[in-house]
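**Q** using only what follows, build the 3D model:
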Amino acid sequence: MEFSLFYFADDSTPEGGAGRYELLLEGARFADRHGWRAVWTPERHFHAFGGLYPNPAVTGAALALATENIHIRAGSVVAPLHHPLRIAEEWSVVDNLSGGRVGVSFASGWHPVDFALSSTRYEDRKRVMIDHVEQVRSLWGGAELEVLDGSGTPAKVRAFPPPVQKELPVWITSAGEVDTFRAAARARAGVLTHLLHQDADGLAANIAEYRRICREEHGGWDGHVALMVHTFLGESPEEVRATVHAPLHGYLRSSLHLVTRSLRENDPEFDVDLLDKEDIDFLVSQSFDTYFHERGLFGTPGDARPRVERLASVGVDEIACLIDFGVDPQTVLAALRHVESLRQMFA
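**A** Numbering: from 1, shown residues only. I've put the predicted structure just below:
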């Protein structure tokens, strides 16, 4: 089992400046020194939840200069919001800055409002994402792309600078839909996923289907599954619960509107704004208990070990530890030694 870091902070820090990114940079340096696999940063727009990360290529460039060995990954690039040439150019720069350590997970997009940045229709986002994956791969390999210039004249262009890696490591981001796992397998891409809309049993079924298609269509290739998991470990479960209780409640409350807005596509009648305070408090409290006891890595390294073993048994290759959910950065950094103890159990 590989371990990596994942960032998706709620930007509620009142102070501006570089201090907002202290946990990102110092956490990455810790992981780099201790031989962790990767650091993932997302792409988010127009909301404080995840608002520190509007462009993972920018944060990736900073990480490239702050680290020496760890892989630097987008988790994720929202592909329909960008021209494939732009994606290839930006990530090739980071590949050069890092000496060939980048990887990109492509996402189709969560919310219609994000598509204010693009002419792509929200309904077409999944098809466009897969098209962009193949175009970026092609550009990464030096191929030309046919475009129309500003005067409407056809032209062929290449992406510059040339990258260090001959092939771009690629994942597809899935919220738990089996069709996305299938699409990733057919595209010969890894999967980046989480436990927000699926439990361990559902994840196991999705991974089994993913592996089946990988092996059938790509000559026995098994693919790669990275799972984002909220993580904070300490000396005792009681200490950890006391430390994360208020920050994680606040984090879940901040994310509630985003998550429920994404669910309204399947249930248009549901509107979180119609819920009263008691109902919202109940939802947040239930979510906290679910994350603490079932879907996160909380407690001691010994408490977390069976959960990692369970995830390994269903086919997860990499645990992406989401560590920035509101706990004081210095407390999080000091506690990383406990996550390192857990990692060593699976090294």
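
**Q** for Glu89, which non-adjacent residue is closest in space?
**A** Spatially, and ignoring its direct neighbours in sequence, Glu89 is nearest to Ala159 (5.1 Å; C-beta to C-beta, 6 or more residues apart in numbering). For the C-beta atoms, the positions are set from N, CA and C on the backbone; glycine is no exception.

**Q** A helix includes Glu68, no?
**A** No - per DSSP: H, G, I helix; E, B strand; the rest coil, Glu68 lies outside any helix segment and is coil.

**Q** sorry, back to before: surely the residue nearest to Glu89 and His83 touch.
**A** No - using C-beta atoms under 8 Å, Ala159 is not in contact with His83; the gap is 10.3 Å.

**Q** these two: which has the busier surroundings?
**A** Ala159 (24 against 15; other C-beta atoms under 10 Å).

**Q** how about Ala335, nearest residue that isn't a chain neighbour?
**A** Once flanking residues are discounted, Ala335 sits nearest to Gly234: 5.7 Å by C-beta to C-beta, 6+ apart.

**Q** isn't that neighbour right up against Arg337?
**A** No - using C-beta under 8 Å, Gly234 is not in contact with Arg337, being 9.9 Å away.

**Q** same drill for the two, tell me which one is more crowded.
**A** In this view Gly234 and Arg337 are compared by other C-beta under 10 Å, and Gly234 has more residues nearby, 23 against 13.

**Q** which ones are touching Asp124?
**A** Pro80 (C-beta atoms under 8 Å, 6 or more residues apart in numbering).

**Q** switch to 10 Å and redo it
**A** 80, 108, 115, 131 (C-beta atoms under 10 Å, 6 or more residues apart in numbering).

**Q** same check, this time on Tyr210
**A** 172, 174, 178, 180-186, 190-191, 193, 222-225, 315.

**Q** for the closest residue to Asp149 other than its chain neighbours, give me its contacts.
**A** Nearest residue to Asp149, sequence neighbours excluded (C-beta to C-beta, 6+ apart): Ala155, at 4.9 Å. Contact partners of Ala155, counting by C-beta under 10 Å, 6+ apart, are 144-149.
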